[in-house]
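In: Show me the folded form of this:
(one chain, ligands or ions: 2)
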Amino acid sequence: MSFKVLSSTVAAAVDKELMSTVGFSIDQLMELAGLSVAQAVYKTYPPSTHNKVLVICGPGNNGGDGLVASRHLKLFGYTPTVYYPKHKSSNVLFNNLLTQLKTFKIDVLQNELSNSELKSLINENDQIIDAIFGFSFHPPLRSPFDTIIEHLKQVETSKPITCVDCPTGWDVDKGPNIADLVDAKYILNPSSLVSLTAPKPGSKFFKGNYHYLGGRFISKEMAQKWDIDIPNYPGVDQVVRLNI
Ligand SMILES: NC(=O)C1=CN([C@@H]2O[C@H](COP(=O)(O)OP(=O)(O)OC[C@H]3O[C@@H](n4cnc5c(N)ncnc54)[C@H](O)[C@@H]3O)[C@@H](O)[C@H]2O)[C@@H](O)CC1
Ligand SMILES: [K+]
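Out: Ligands and ions are numbered 1, 2, ... in the order given. Here you go, the predicted structure:
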C-alpha cells in the first residue's frame, strides 16, 4: 500500500503538538508506541519460534519505546533481555520504566559490553529489536552504537531484526543512501520496521519483509491538519501492515 511520509522536522512538531494542545503526556505516547512494537513483533516472530528477544535501547525516547515493548513482550510470553548502555539516570520516566522491568524480572544490561560479550549476546537471542535511535538521529553514529550496528550487520541475514521508527544509522529523511557520510558497515538492512505515527521519508528505501505502522494516537482532525495518512487499523490492533 502506498503511504505519505512525515519528515523528521514535521514528526518532531507533531510530537510537540501531541504533548501540548492535544494533552498527552510522553508516558502515554511511549506506552502506546511500545505496545505497537510488541504487537508487531508478536505478529511477525511469535514466542513459539523466536522466544529470546534482545532489545537494544538508546538514550532517548526511541530507547524508551524499547523499554516499554520489553515489558509487553514479557507479558506476551517472550524472554526479553535489554541492553541499555547509555541510561540518563536523571530522567524519572526512564527510571520508572527500569523499575518496572526489574519487577517483571527482565534482565537489563547497563554496562557497556566488550565485542565478544556483545557477539555472544546477539548469538544467544532468537531476534533483535533496534530501539536505539528514532527521528532525532543525525548520522554518523557515535560509540558505542556504531559498534553495536556493526555487530547487528553480521547477523542481519540470519536473524530477524525489528527497527523502531527508523533503522538506526539511516538518515531519517534520506534513508540509507548516505555513502558520502557513513560507511556501508553501519547501514542495516533489517527484516522488519515499525514506523510510528507515520512513516519517515527514509522508510521508502526499506526492503525488508514487514513494514508496520503503529502509534495509534492521532485523531482524524489532527491527521488532516498535518496531511498524515492513517490507514485502517484492523479492529483493536495497535499496528497495521503497510507492505502487503
Ligand atoms: N509522536 C511520536 O511519534 C512518538 C515518538 N516516540 C519515539 O521517540 C523517538 C524520538 O525520540 P527522541 O526525540 O528522544 O530522539 P531519539 O530517541 O531518536 O534520539 C535521541 C538521542 O540520540 C542522541 N543522538 C542523536 N544523534 C546521535 C549520533 N549520531 N550518535 C549518537 N547519539 C546520537 C541524542 O543525543 C539523544 O540522546 C521516535 O523516533 C519514537 O521512537 C514515542 O516514544 C512517543 C511518541
Ligand atoms: K531505531
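In: And the strands in this structure?
Out: Under the criterion DSSP state E, the chain contains strands at 52-57, 79-83, 107-109, 127-131, 161-164, 192-196, 210-214, 240-241.
In: Redo those strands as CSV? Include mean neighbour count, distance to Val41 and mean pLDDT.
Out: For the C-beta atoms, the positions are set from N, CA and C on the backbone; glycine is no exception. As requested, these are arranged in CSV below (neighbours: other CB atoms under 10 Å; distance: least, CB to CB, whole Å; pLDDT from 0 to 100):
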stretch, mean neighbour count, distance to Val41, mean pLDDT
strand 52-57, 26, 7, 98
strand 79-83, 22, 10, 98
strand 107-109, 15, 18, 98
strand 127-131, 28, 7, 98
strand 161-164, 28, 6, 98
strand 192-196, 28, 8, 98
strand 210-214, 24, 9, 98
strand 240-241, 17, 13, 97
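In: now those in CSV, with distance to Gln100?
Out: CSV is the format used below for these (distance: least, CB to CB, whole Å):
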stretch, distance to Gln100
strand 52-57, 13
strand 79-83, 11
strand 107-109, 11
strand 127-131, 15
strand 161-164, 18
strand 192-196, 20
strand 210-214, 20
strand 240-241, 27
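In: Which of those sits closest to ligand 1?
Out: Among the strands of the chain, the nearest to ligand 1 by CB to the nearest ligand atom is strand 192-196 (4.2 Å).
In: hmm, that closest one touching ligand 1?
Out: Yes: Strand 192-196 is in contact with ligand 1 by CB under 6 Å from any ligand atom, via Leu196.
In: One more: stretch 150-157?
Out: No: Stretch 150-157 stays clear of ligand 1 (CB under 6 Å from any ligand atom), getting no nearer than 13.7 Å.
In: so how far is Asn115 from Ile122?
Out: Per CB to CB, to the nearest Å, Ile122 is found 11 Å from Asn115.
In: Between the two, which is the more surrounded one?
Out: The neighbour comparison of Ile122 against Asn115 (other CB atoms under 10 Å) goes to Ile122, with 20 against 10.
In: What parts of the protein come near ligand 1?
Out: Within reach of ligand 1 by CB under 6 Å from any ligand atom, the chain has these residues: 14-15, 18, 29-30, 33, 58-65, 133-142, 145, 164-165, 196-197, 215.
In: of all of this structure, which residue lies closest to ligand 1?
Out: Taking CB to the nearest ligand atom as the measure, the chain has Gly134 as its residue closest to ligand 1, at 1.8 Å.
In: residue contacts, that residue?
Out: If a contact means CB atoms under 8 Å, 6 or more residues apart in numbering, then Gly134 has Gly60, Asn61, Asn62, Asp65, Val164, Asp165, Cys166, Val172, Leu196 as its contacts.
In: partner residues bridging the residue most central in space within the chain?
Out: Centroid-nearest residue in the chain: Val164, 1.6 Å away (criterion: CA atoms, centre = their mean). Per DSSP bridges, the residues bridged to Val164 are Val194.
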